[in-house]
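Trainee: What follows is a predicted protein model with its sequence.
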Amino acid sequence: MAHFDAIIIGAGMSGLAAGIRAAYYEKKVCILERHYTIGGLNSFYRLRKRDYDVGLHAVTNYTPKGTKHGPLARLLRQLRFRWDEFDLAQQNYSAVQFPDKQLKFSNDLELLRSEVSREFPSQIDNFERLLTELVDYDDLAPEHFNTDTREWLSEIISDPQLVEMILCPVMWYGNAREHDMDLGQFCIMFRSLFLEGFARPFEGVRLILRKLVKKFRELGGELKLRHGVSQIEVENGTATGVVLDDGTQLTADAILSSAGAVETMQLCGQEESTVAKTVGQMSFIESVASLNCEPKDLGHDATIIFFNDSDTFHWERPHDGLCDIRTGVICSPNNYQYAPSHGPLPDGVMRITAIADYDQWNALSDSEYQSAKIEWQQRAIDSAVRFVPDYQPQIIDTDMFTPTTIRKFTWHDNGAVYGATKKWFSGQSSVKNLYLCGTDQGYVGIIGSIVSGIMIANQYVLQ
């Protein structure tokens, strides 16, 4: 029976980062992944000779080369990468679009300041107060995660619509709760979006993943694809190893799981009732359209548009239909400031994301499912082109994923992209020697997930 210093469940960003960090210190590490590919929530695939990213709209937490502080600088130091290796190109600009107001923002905070002053002149002093009162990025004090953000924001910002416009992109890019979000999570996400910013490698998420895998293997780590974990073995309250889908048993001094808190506890045989209230509900559909021109040729140069078609932002899973297309995200990977040496991307791309309900999608028959994909892809596009030029005549290929796709490739209950509504910031589970990394440890996004893996490896494998 093979024994390891650490077994890591899941070959996503956090799992790979944790493996690299441990392997640097000559720990014997094995990463187990149920699927045939790496990445989890941030993966990639090839279809009809075209490359597609899954999950990646933007690498958040962007900071320029030479920056000494912040999550990006920290992960580069800890994993011993050079800044240039991630080939990050900044966004052009993005925007929050409501019916009669728009707030543009970029990686320069001054643009957002000027936009708030233009659209909400009476609120600019309140907005400055918000910037000064935000909790520090690394402050994970428990009281900040027992405070609702809407009420807190409303005490600072007196215009309800500005509150809604601030919440819209922050919730879209990292909120597992319906309706509201924990203040601590809001502060983390606000900083990552507005005080740091968006970037993207020219080759997309595959560049980051391949570099992580290459480094992990060079350090002697074992990566086993198509090796799903069916059970975490627990003896007297201590995790001792895992049983794979084929019955193989492996033992370890520590087990790190990026499978999600609820899912990890289920692998331990714990009753779901102990964590049932934390199961996330927020899932999505995403339509990806390849175009015969670049979006800028149609007059669209924004990188990401967060849209909402009413003055109130509704963040909840739909109950009366498969999707809620009142709000969404429109992303164009073409609209980043890539180095001239790269040239343009092979195709123009427009990606539309909308809120969806896993249970309703999962209940469909095969024929109903295929029909629903066609219907909701069109409805999502129709909703989006109220806020961007109508690109439909330029479409040459499309693909779409749904909550059941997310469930299949991540194993997350409900296809919940942002995991459980409760986060385990310490990384400690209720089982000794079993630790959580990734989304349910509390950091989201590509940079956040990598930092999570580093943090948990440092605390529980290297100590």
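Mentor: Noted; the coordinates are in hand.

Trainee: Can you report how many residues neighbour the closest residue to Ser106 other than its chain neighbours?
Mentor: Ranked by CB to CB, 6 or more residues apart in numbering and with sequence neighbours excluded, the top spatial neighbour of Ser106 is Tyr93, at 4.3 Å. C-beta coordinates here come from the backbone N, C-alpha and C atoms, glycine included. Number of residues near Tyr93 (other CB atoms under 10 Å) recorded here: 19.

Trainee: wait, Tyr93 sits on Glu110?
Mentor: No: counting by CB atoms under 8 Å, Tyr93 does not reach Glu110; the two are 11.8 Å apart.

Trainee: how about the helices in the stretch 151-300 of the chain?
Mentor: With DSSP state H, counting those that start in this stretch, the ranges of helices along the stretch 151-300 of the chain come out as 160-172, 183-190, 205-218, 261-267.

Trainee: Would you format the ones you listed as a markdown table with mean pLDDT, distance to Ser106 and mean neighbour count included?
Mentor: Converted to a markdown table, those look like this (pLDDT from 0 to 100; distance: least, CB to CB, whole Å; neighbours: other CB atoms under 10 Å):
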| stretch | mean pLDDT | distance to Ser106 | mean neighbour count |
| --- | --- | --- | --- |
| helix 160-172 | 98 | 13 | 22 |
| helix 183-190 | 90 | 15 | 24 |
| helix 205-218 | 96 | 22 | 19 |
| helix 261-267 | 91 | 35 | 23 |
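
Trainee: To Cys293, which of the ones you listed lies closest?
Mentor: Closest approach to Cys293 among the helices of the stretch 151-300 of the chain (CB to CB): helix 205-218, 24.0 Å.

Trainee: Give the buried residues for stretch 282-298.
Mentor: 282-291, 294-295, 298 (16 or more other CB atoms under 10 Å).

Trainee: One more: stretch 331-351?
Mentor: The neighbour-count check on stretch 331-351 (16+ other CB under 10 Å) flags 331-336, 338, 345, 347-351 as buried.

Trainee: The residues you listed in strands, which ones?
Mentor: Members of the buried residues of stretch 331-351 lying in strands (criterion: DSSP state E): Cys331, Gly348, Val349, Met350, Arg351.

Trainee: and the lowest-mean-pLDDT helix or strand in the chain, which strands flank it?
Mentor: Ranking every helix and strand in the chain by mean pLDDT, DSSP states H and E puts strand 43-47 at the bottom, with a mean of 79. Using DSSP bridges, strand 43-47 pairs in its sheet with strand 50-54 (antiparallel).

Trainee: if I pick the residue nearest to Ser106, what's in contact with it?
Mentor: Applying CB atoms under 8 Å, 6 or more residues apart in numbering to Tyr93 gives the contacts Lys104, Phe105, Ser106, Leu111, Asp301, Ala302, Thr303.

Trainee: So it versus Val163, what's the distance?
Mentor: 22 Å (CB to CB, to the nearest Å).

Trainee: thinking again about what came up before, how far off centre is the least confident helix or strand of the chain?
Mentor: Offset of strand 43-47 from its chain centre (CA atoms, centre = their mean, to the nearest Å): 17 Å.

Trainee: what angle sits between that strand and helix 205-218?
Mentor: Angle, strand 43-47 to helix 205-218, by axes from the mean of the first three to the mean of the last three CA atoms, to 10 degrees: 120 degrees.

Trainee: can you pull the buried residues of strand 43-47?
Mentor: Neighbour counts over strand 43-47 (16+ other CB under 10 Å) mark Ser43, Phe44 as buried.

Trainee: I'd say Phe146 and Lys422 touch.
Mentor: Slight slip there: residue 146 is Asn, not Phe. No: if you go by CB under 8 Å, Asn146 and Lys422 don't touch, sitting 10.9 Å apart.

Trainee: Counting neighbours, go ahead and name the busier of those two.
Mentor: More crowded of Asn146 and Lys422, by other CB under 10 Å: Lys422, with 18 against 10.

Trainee: Any idea how many residues pack against Ser159?
Mentor: That one is not Ser; residue 159 is Asp. Counted by other CB under 10 Å, the residues lying close to Asp159 total 16.

Trainee: Would you check that it makes contact with Asp125?
Mentor: No: Asp159 is beyond contact range of Asp125, at 12.0 Å (criterion: CB under 8 Å).

Trainee: Closest to Phe202 out of the buried residues of stretch 331-351?
Mentor: Using CB to CB, those come closest to Phe202 at Tyr338, 5.1 Å.

Trainee: Next, the closest one: phi, psi?
Mentor: Here is the backbone geometry of Tyr338 (degrees, to the nearest 10): phi -70, psi 150.

Trainee: can you put the helices of the stretch 151-300 of the chain in a markdown table and add distance to Ile8?
Mentor: As requested, these are arranged in a markdown table below (distance: least, CB to CB, whole Å):
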| stretch | distance to Ile8 |
| --- | --- |
| helix 160-172 | 29 |
| helix 183-190 | 23 |
| helix 205-218 | 10 |
| helix 261-267 | 12 |
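
Trainee: Asn362 versus Gly415, what's the distance?
Mentor: According to CB to CB, Gly415 and Asn362 sit 8 Å apart.

Trainee: Give me the more crowded residue out of the two.
Mentor: Taking other CB under 10 Å, Gly415 and Asn362 do not tie; Gly415 has more neighbours (28 against 14).

Trainee: Closest to Leu244 out of the ones in strands among the buried residues of stretch 331-351?
Mentor: Arg351 (35.0 Å).

Trainee: Model confidence for the residue nearest to the closest one when sequence neighbours are not counted, exactly?
Mentor: Counting by CB to CB, 6+ apart, Arg351 lies nearest to Cys331, which is 4.4 Å off, once chain neighbours are set aside. In the prediction, the pLDDT value recorded for Cys331 is 97.

Trainee: Contact partners for Cys331?
Mentor: Contacts of Cys331 by CB under 8 Å, 6+ apart are His57, Ala58, Thr303, Ile304, Ile305, Met350, Arg351, Thr353.

Trainee: In JSON lines, list those residues along with distance to Asp100, secondary structure and pLDDT.
Mentor: Output for these, formatted as JSON lines (distance: CB to CB, whole Å; DSSP: H, G, I helix; E, B strand; the rest coil; pLDDT from 0 to 100):
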{"residue": "His57", "distance to Asp100": "25", "secondary structure": "coil", "pLDDT": "89"}
{"residue": "Ala58", "distance to Asp100": "26", "secondary structure": "coil", "pLDDT": "92"}
{"residue": "Thr303", "distance to Asp100": "22", "secondary structure": "coil", "pLDDT": "98"}
{"residue": "Ile304", "distance to Asp100": "20", "secondary structure": "strand", "pLDDT": "98"}
{"residue": "Ile305", "distance to Asp100": "15", "secondary structure": "strand", "pLDDT": "98"}
{"residue": "Met350", "distance to Asp100": "24", "secondary structure": "strand", "pLDDT": "97"}
{"residue": "Arg351", "distance to Asp100": "25", "secondary structure": "strand", "pLDDT": "96"}
{"residue": "Thr353", "distance to Asp100": "23", "secondary structure": "strand", "pLDDT": "97"}
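
Trainee: Including distance to Gln370, could these go into JSON lines?
Mentor: Converted to JSON lines, those look like this (distance: CB to CB, whole Å):
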{"residue": "His57", "distance to Gln370": "26"}
{"residue": "Ala58", "distance to Gln370": "30"}
{"residue": "Thr303", "distance to Gln370": "32"}
{"residue": "Ile304", "distance to Gln370": "29"}
{"residue": "Ile305", "distance to Gln370": "29"}
{"residue": "Met350", "distance to Gln370": "22"}
{"residue": "Arg351", "distance to Gln370": "21"}
{"residue": "Thr353", "distance to Gln370": "20"}
